[in-house]
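A.B. asks: Turn this into a model:
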Amino acid sequence: MTIWSADLTDAQLKMLMASTVEGYGVELRGSGPWTVAGNLVGKGLGHIEGGEPNGSSLPGLFFANDEGIRILREFEPEPGEEDESADAFDRYFEAMTMRGSHDAR
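C.D. replies: Have a look, this model is predicted:
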């Protein structure tokens, strides 16, 4: 089954955006980020390195994988559609406004 951005919560999309197509790790401190990252891993959209959800001297890091990056590509403008100064977060928030917010899953 293919996962699309509409299948994700706002928190899950934010974490994917923070990871970016460049593959930056998103620091996981506290139960909220660990839960979001765990849900993304369960959907096959990334992986976690290091740390532990119930306490660790070092935080874990979430990284989007190719499937997670495919979802981020949904927010890229069509060639000639937008100026180059708009970043992925602007496109994300525009998409969120268009689809409306929904409850966390």
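
A.B. asks: quick one, strands of this structure?
C.D. replies: Taking DSSP state E to define them, one finds strands in the chain at 26-28, 46-49, 60-64.

A.B. asks: Of all those strands, which one comes closest to Ile71?
C.D. replies: Nearest to Ile71 among those is strand 60-64 (8.1 Å), distances taken as C-beta to C-beta. C-beta coordinates here come from the backbone N, C-alpha and C atoms, glycine included.

A.B. asks: returning to what we had before: figure out which of the strands of the chain is closest to Ala18.
C.D. replies: Ala18 lies closest, by C-beta to C-beta, to one member of these: strand 26-28, at 4.7 Å.

A.B. asks: and the gap between Val36 and Trp4?
C.D. replies: Here Val36 is placed at a distance of 17 Å from Trp4 (C-beta to C-beta, to the nearest Å).

A.B. asks: Who are the contact partners of the residue nearest in space to the middle of the chain?
C.D. replies: By C-alpha atoms, centre = their mean, the chain has its centre lying nearest to Leu16, at 1.4 Å. Leu16 makes contacts with Leu8, Leu40, Leu45, Gly46, Ala64, Gly68, Ile71, Leu72, as judged by C-beta atoms under 8 Å, 6 or more residues apart in numbering.

A.B. asks: Got the phi and psi for Thr2?
C.D. replies: phi -90, psi 130 (degrees, to the nearest 10).

A.B. asks: So what pairs up with His47 in the strands?
C.D. replies: Beta-bridge pairing for His47 (DSSP bridges): Phe63.

A.B. asks: Compare the contacts of Leu16 and tell me which is most surrounded.
C.D. replies: Most neighbours among the contacts of Leu16, by other C-beta atoms under 10 Å: Leu40, with 30 neighbours.
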